[in-house]
Structures are given as structure tokens and as C-alpha cells.
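Q: generate a structure from the sequence data that follows.
(one chain, ligands or ions: 1)
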Amino acid sequence: MIGTLTLAFVPLLLFYLYRKLQYHRFTQLSPYPQPQPSLVWGHLKTIHEFMSKGEPERHIDEVLLEIKAHLNHPPLFVLDLRPVQYPLCVIGDHEVAEQISRSSKEYPYSMTKSPTIKDLHSLIGMGSIIAANGEEWKTLRRRFNPGFAPQHLMTLLPRIVAMSRRFVETLDRHAKSGVEFRLDEPCINLTFDIIGAIVMDTDFRAQCAPHQQSEVYKLFRDLVRSYPMAGGMSWESVNLWGALKRRRLTVRFERYLRAHISQKFADLRATPTGRGNLQDIATLDDKVLTQTSDQLKSFLFAGYDTTSIVLQWTFYELSRTPCALQAVRAELATLFGPDPSPVVVWERLTAPAGEHLLNQMPYTSAVIREVLRLHPPSGSARFTAPGTGFTVQLPGGEALCLDGMVVYNCETLIHRDEAVYGATKDVFRPERWLESSDHEKQKIPASAWRAFERGPRNCIGQELATLEVRVILACTVRRYEITKVGLGEVVRDEMGQPVMGAQGQFAARRELFNTMQITAKPVDGTRVRVALAAEDGAGSV
Ligand code: HEM
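A: Predicted coordinates:
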């Protein structure tokens, strides 16, 4: 009897599950633009198919660009990643992105951060300002805002200049040897030295020889490297051994940070006039220690990685765009004088009121803006719980509810929207940001450039990042000729001269592209050779 019942029940159960699956795959998300889903795989199969059509290591944003084109450029589309992940809603339109990032009745501090950010907890801590929400986030932001305000940052200029000296020494060594190398290494070491000096008042000697680098810096780099390439899309991400290794590194790193905070607290106690973020704290209990350590981790990570990526792409784009390189050099010559020596730049920047020079670099700033448009290192992932009723309005007037999805403001898609950037959307063209090309600039709405995201949760370090990049460019662009090697290498004619492509850039044999290792970064670590610019151009140090 029981056997007969079971026999009758199993097909019923299977039929029920089949109908349920059918509903989830084909009906529930049907109002949203999307590729054709598969009953079993949802869109995992679609993603795999698109991925296998191009460079396997390319960043997922590149694949999303292809899917958007395949769907005829809708303002948003969904990918059903269940059961691996929540359904993903990819935003490729700036007006919709703006509705996600601004404050609203439901979300006064903009939509909550995505739970997927927990993958980064080892690196940024459980209580990170990057992951926090609501009042907890507001308190943290209020506490740290003054430290990132432009006026305060200008007082840090001498430290940034000091660290840039080591960078020049490193590039000089490479220029002398003539050997090709990964540009990401010196850029990462530089930006870590800067953020370490600024947020921890510590010289980590990241730019020194390996035996002179601080152990903590090595520990931090190991921790970052313990994250899988392709950020969660590969088998590496379920590697238990890797996870265990990451855990051990995290514990050691946190132990160091807690000791550092305790020491700073003791120092501040000893000097009542001392300044710092710990000043208003009466007792350094475990909660405060953990919270402060989480923020230090967050600032160290967010502060070095993205900025080093911008430097790499800027050096690369300038190396293959002769007009832009010439324009930056001319601007620097007008500002700092004809002697291109980094020493002159450092002296002028650290002289009284020298910081104002950095606000007089419109072309260089346009270059940085354009690099961030074409190669944004990150985007923003948010989440709205089922039942919230969070609805966005599409440009055509249609309203769509985004409850229960991870919502990804994808800067790569938004920054390459043809409706905004026209036929030159994929072209490196700093001029589009200049006042002189007012007509064109006026056509670009502010919300269509969001490399630092917008709204209450925008990047707290954006002024710092662009300040760093301007200083580094000021002391290096006239001193070095950088030549890309391997991917992105320019094509040369029989005389060895670079061949000009269609849009004012040298033609490349194979385009350099981003891969994903937590953020989006050049896949080959930006392999280059560097030489001193022509004798009279390089200047001395
Ligand atoms: C060019 C370099 C940089 C880029 C492109 C960049 C980009 C971004 C983006 C897109 C966000 C929003 C992330 C999200 O919504 O999940 C963000 C947030 C953040 N960034 Fe940056 N960032 C850069 C440099 C920096 C620097 C130098 C710091 C210094 C510590 C920093 C610290 C942070 C922090 C703490 C947040 C979280 C802010 C909050 O939620 O209140 N970033 N950044």
C-alpha cells in the first residue's frame, strides 16, 4: 500500500517541481529584457556561451557589453543565476542607474549594498564602511568625511610627493636596464605606500626592495592574491584550501592592525592635543578595535587597488595616443616650466600655495576622466529585499520592480552607451571633457559618468585618487617614454615606426583588456618597457 502511494506521489512531486521551475525560469522574470533562459541552467549557460566566444580571461563586464548588444541595448536586463546566486539585474542606462544610487523614500542613503559583498569580508572586514548600511553606515561616513575633504587632502601633498620620488627612482632603474616589466608592480607599491602613509601614518616601504618591504605589506598582498581570478566565476572560488589560507592571512593581518590601533590610541592619550579619528573615543574596547580595524582594511584596499589601475591605463593610453601625450606634456610645461625634471615639479608642488597648480591641469584631468570612462575599475552592486516594492522607471516610461535581485550599476555599460557618447563611445578622446568643446560636453549628462558612483554612497576617496594621479603624471609624463609589450603592443611599419590607427591612436596588434581579480585590471599586469624621454625632455633627478 505504502509502496503504491509512494509510486503515485513521486511523479506528482516531480511534476510540481517541474512546474515550479518552469514558473521561475520562464514566467517570473518575463517582464524584464533577458536572453532566452534554459529550464535547467537559467542564464548560466548563456553566460558560458558568450564567455567562450572571446578571450576567456576577459572581465565579466565585457561579456555583459556583448549581451546588451545582443539584446539590442535595453536600459537594463536580467540574468537568472539561480541557484548559484540571486537573479542579477544589470543596469546599462545612466537614468536608471541614478534611481539606484540616489536617496529615496524607501532608502534614504540609497539602495542597500548587495549581500554578495560578503565575499570580500576577509579583505575589508565585516563592519566595513563599504558594506555597511543605514545608520551604521551614516555614522561611519560622518566620522571619516573630514579626512577625505579636499582642504585636508592638500595638507597631505608633501607625503604624496615624497612617495612619488621612490616611484621615479624605480622607473629610472627600469629605464636604465631596458628590460620589460609589469607596470602594475610599481603602481601598486606606490599607491599602497601613499594610502599607508595617509591612513596609518606608516611607511610600509612597499616601493623598496623585497627584503626592505614591511612584512605587513607582504601579508596584505598575499591576502589580496588569495582571492580567485575571475572573482567567483571559477572553480577556484570553491577551493577550500584557498579559503583556509585566506582565513589564516586575515587573522595575522587583523592582529597587526589591532596592535597598530592600540599603539596609536596610547600615543594619543599621551599627547592630549593629538589629532586623529581615535581622538573622540574614551575606551578602546574590543568593539571599537574591530570597527576601526575594519575601516583601516577598507581604506587600504579601496585606496591602493583602483588608483593603481587608473595609473596603468593612463600610461598605456597616453603611450599610444600621440596628440594626447603631447597635450599633457605641453600643459605641464606651461604650469611647471620648461625644465621637465621631477625635482622641479616636486619643489613647485611643495612650495607655498603649490597645491593650487594641481587645479590648473584641465587637459590632464580630462585624460584621467576619459581613462575612468573607458576602464572603470569597479561598479556598484545593490540589493532590495522581496516585498520592498522598489521600482525604477525606464526611459520609455515603463516601470519595473527590482525586488529580490542583485542590481548592478555597470559603469562599463553606462560609460559606453552610444545614446550618450555617440559614435566615439569606444574611442579614447579626452577632448570630450574640455570646456573648449563645450557643445559636446553639455550633451553629456552628469549621471552618465559614474566611475566613483554617485549619491550618498559615492566614493569617499575620489579627491584623493585624482590628486595622486595628477601628481604622479606631473612628475613622470615628460620624463619617460613608455612602450607596451605583448598585448596592446603597437603595430610598426618596416622602418620601425608606429602605424597610426583610425582614431588618432596607434594601431595595436591585439587590444589590451581587463580581467577580474576583485576589481577590473589589465590582464597582463601591463607589461611595458620604459626609456628616458629624449635627453632634453627627461630632466634630471
Ligand atoms: C580611481 C580610484 C577609485 C575608484 C575608481 C573608486 C571607485 C569607487 C566606487 C565605484 C565606489 C562605490 C562602490 C559601491 O557602491 O559598492 C567606491 C566607494 C568607496 N571608495 Fe573608492 N574608488 C577609488 C579610489 C578610492 C580611494 C583612494 C579610497 C581611499 C580610501 C577609496 C575609498 C572608498 C570607500 C571607503 C568607499 C565606500 C564609500 C561609502 O560607501 O560610503 N576609493 N569607490
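Q: find the closest residue to the ligand in the chain.
A: In the chain, the residue that lies nearest the ligand is residue 461 (2.1 Å; Cβ to the nearest ligand atom). Where C-beta positions appear, they are placed from N, C-alpha and C, glycine not excepted.
Q: tally of neighbours for that residue?
A: Neighbours of residue 461 under the rule other Cβ atoms under 10 Å: 22.
Q: got the contact list for the residue lying closest to residue 493 once chain neighbours are set aside?
A: Leaving aside its chain neighbours, residue 493 sits nearest to residue 499 (5.6 Å; criterion: Cβ to Cβ, 6 or more residues apart in numbering). Residue 499 makes contact with 490-493, 506-507, according to Cβ atoms under 8 Å, 6 or more residues apart in numbering.
Q: contacts only, for the residue of the chain closest to the ligand.
A: Residue 461 neighbours (Cβ under 8 Å, 6+ apart): 148, 299, 302-303.
Q: what about it, distance to residue 482?
A: According to Cβ to Cβ, to the nearest Å, residue 461 and residue 482 sit 26 Å apart.
Q: residue boundaries of the helices in the stretch 251-400 of the chain?
A: 286-319, 322-336, 342-350, 362-374 (DSSP state H, counting those that start in this stretch).
Q: tell me where the stretch 401-541 of the chain has helices.
A: 411-415, 418-421, 438-442, 462-476, 535-538.
Q: not counting its neighbours along the chain, what's nearest residue 131?
A: In space, residue 131 is closest to residue 117, 4.7 Å off (Cβ to Cβ, 6+ apart).
Q: tally of neighbours for the one you found?
A: Residue 117 sits with 17 neighbouring residues when counted by other Cβ under 10 Å.
Q: would you check that it makes contact with residue 382?
A: No. If you go by Cβ atoms under 8 Å, residue 117 and residue 382 don't touch, sitting 9.8 Å apart.
Q: returning to what we had before: out of the contacts of residue 499, flag the one nearest to residue 340.
A: residue 506 (22.5 Å; Cβ to Cβ).
Q: show me what the closest one bridges to in the sheet.
A: Legend: beta-bridge partners of residue 506 under DSSP bridges are residue 500.
Q: got a pLDDT number for the residue nearest the centre of the chain?
A: In the chain, the C-alpha nearest the mean C-alpha coordinate belongs to residue 377, at 2.8 Å (Cα atoms, centre = their mean). Model confidence at residue 377, expressed as pLDDT, equals 98.
Q: closest to residue 184 out of the helices of the stretch 401-541 of the chain?
A: The closest of the helices of the stretch 401-541 of the chain to residue 184 is helix 462-476. By Cβ to Cβ, the value is 14.1 Å.
Q: quick one, what contacts residue 195?
A: By Cβ under 8 Å, 6+ apart, the neighbours of residue 195 are 299-300, 303-304, 307.
Q: swap the cut-off to 10 Å and go again
A: Taking Cβ atoms under 10 Å, 6 or more residues apart in numbering as the contact definition, residue 195 lies against 163, 204, 206, 296, 299-305, 307, 461, 464-465, 468.
Q: shaky segments in the stretch 1-150 of the chain?
A: Confidence mapping of the stretch 1-150 of the chain against pLDDT under 70 gives the ranges 1-2, 5.
Q: again, only this time at 80
A: Residue ranges of the stretch 1-150 of the chain with pLDDT under 80: 1-8.
Q: pLDDT weak spots in the chain?
A: In the chain, residues with pLDDT under 80: 1-8, 228-239, 269, 271-283, 435-442, 535-541.
Q: quick one: distance of stretch 188-208 to the chain centre.
A: 18 Å (Cα atoms, centre = their mean, to the nearest Å).
Q: when you give positions from now on, start the count at 34
A: Yep, numbering from 34; the last one is stretch 221-241 now.
Q: how far away from the center of its chain is stretch 511-525?
A: 23 Å.
Q: gap between the two ends of that stretch?
A: 23 Å (Cα to Cα, to the nearest Å).
Q: can you list the buried residues in that stretch?
A: Buried residues in stretch 511-525, counted by 16 or more other Cβ atoms under 10 Å: 511-513, 515, 517, 520-523.
Q: pull the most distant pair out of those.
A: Most distant of these, by Cβ to Cβ, are 511 and 520, 26.2 Å apart.
Q: can you pull the contacts of residue 65?
A: Residue 65 neighbours (Cβ under 10 Å, 6+ apart): 107, 109-113, 120, 122, 433-435, 438.
Q: confirm it sits in a strand?
A: No. Under DSSP: H, G, I helix; E, B strand; the rest coil, residue 65 sits outside any strand and is assigned coil.
Q: what residues does the stretch 84-233 of the chain put near the ligand?
A: Applying Cβ under 6 Å from any ligand atom, we find that the stretch 84-233 of the chain lies next to the ligand at 162-163, 174.
Q: up against the ligand, what does the stretch 234-383 of the chain have?
A: 331-332, 335-336, 339-340, 343.
Q: and the buried residues of stretch 511-525 as CSV, adding distance to the ligand?
A: Formatted as CSV, these follow (distance: Cβ to the nearest ligand atom, whole Å):
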residue, distance to the ligand
511, 22
512, 22
513, 21
515, 19
517, 21
520, 22
521, 20
522, 25
523, 26
